[in-house]
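Student: Okay, here's the prediction I keep looking at, along with the sequence it came from:
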Amino acid sequence: QQQVKQSPQSLIVQKGGISIINCAYENTAFDYFPWYQQFPGKGPALLIAIRPDVSEKKEGRFTISFNKSAKQFSLHIMDSQPGDSATYFCAASKASGANNLFFGTGTRLTVIP
Amino acid sequence: EPEVTQTPSHQVTQMGQEVILRCVPISNHLYFYWYRQILGQKVEFLVSFYNNEISEKSEIFDDQFSVERPDGSNFTLKIRSTKLEDSAMYFCASSVGTSNQPQHFGDGTRLSIL
């Protein structure tokens, strides 16, 4: 059972462009939605996270848009840079329990100069 | 900045052997997790641990798996009799609390079963 669906699987963007990665979830008990960035040989690193009481959160060049009614959220990377080339995972967790994360399948982003 | 450390970075083991993966969580964190990532696939939750006991576990975490906090700093994952399909990256994570506190991940242990 796939709790969190992520698309696209891979993405190629020109330097300076906008990278957009989308995720959807089914479980309405989810109430925390982080995005993780993973470089080869490294563990996932928390990038930005949102709770469903807001529709958008921005940190620097990274923005999460959240649509509670559609059960969808997306990551926008503005002014994409070659250093942003990595795999991005969306995730979700519930408020109750130990907050274990359900991850999406990942998006491999390549930013070309 | 404090970080989660995992050892070894790579473990090669014969099928059927026991393996112990080690993690040192961030010192003031109270919740500990193990995840695994099969090559090219998503990160999957295995188990969470709090107050010296398992909080939640997934279907993957069967009787072959166990976790322990043997002292005040280490958090270990033991696989009793490894199978080929246990080959994966294993990530340890920790958080200061629940209520959706951020989970911080280590760089993982690559487990290769021969």
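Tutor: Structure received. Here the structure is a predicted model, which means the values were calculated and not measured.
Student: Near chain B, which residues of chain A are found?
Tutor: A:31-32, A:34, A:36, A:41-46, A:49, A:51, A:89, A:91, A:93, A:95, A:97-106 (Cβ under 8 Å from any Cβ of the partner chain). To be clear about C-beta, it is placed using only N, CA and C from the backbone, and glycine gets the same treatment.
Student: which residues in chain A form helices?
Tutor: Here chain A has no helices by DSSP state H.
Student: Any regions of it where pLDDT drops low?
Tutor: Within chain A, the stretches falling below the threshold (pLDDT under 70) are A:1-2.
Student: same thing but 90
Tutor: Along chain A, segments meeting pLDDT under 90 span A:1-3, A:29, A:31, A:41, A:52-53, A:94-100.
Student: Number of residues surrounding residue 105?
Tutor: Picking chain A for this. Neighbours of residue A:105 under the rule other Cβ atoms under 10 Å in any protein chain shown: 18.
Student: To clarify, I was referring to chain B.
Tutor: Neighbours of residue B:105 (other Cβ under 10 Å): 24.
Student: Hmm, it is touching residue A:43, no?
Tutor: Yes - judged on Cβ atoms under 8 Å, residue B:105 makes contact with residue A:43 at a distance of 3.6 Å.
Student: which residues do the two both contact?
Tutor: Here residue B:105 and residue A:43 have B:4, B:91, B:93 as joint contacts, going by Cβ atoms under 8 Å, 6 or more residues apart in numbering or on different chains.
Student: you'd agree the second one is in a strand?
Tutor: Yes - with DSSP: H, G, I helix; E, B strand; the rest coil as the criterion, residue B:91 is part of a strand.
Student: separation between it and residue A:101?
Tutor: 11 Å (Cβ to Cβ, to the nearest Å).
Student: between these two, what contacts are shared?
Tutor: By Cβ under 8 Å, 6+ apart, the residues touching both residue B:91 and residue A:101 are B:35, B:43.
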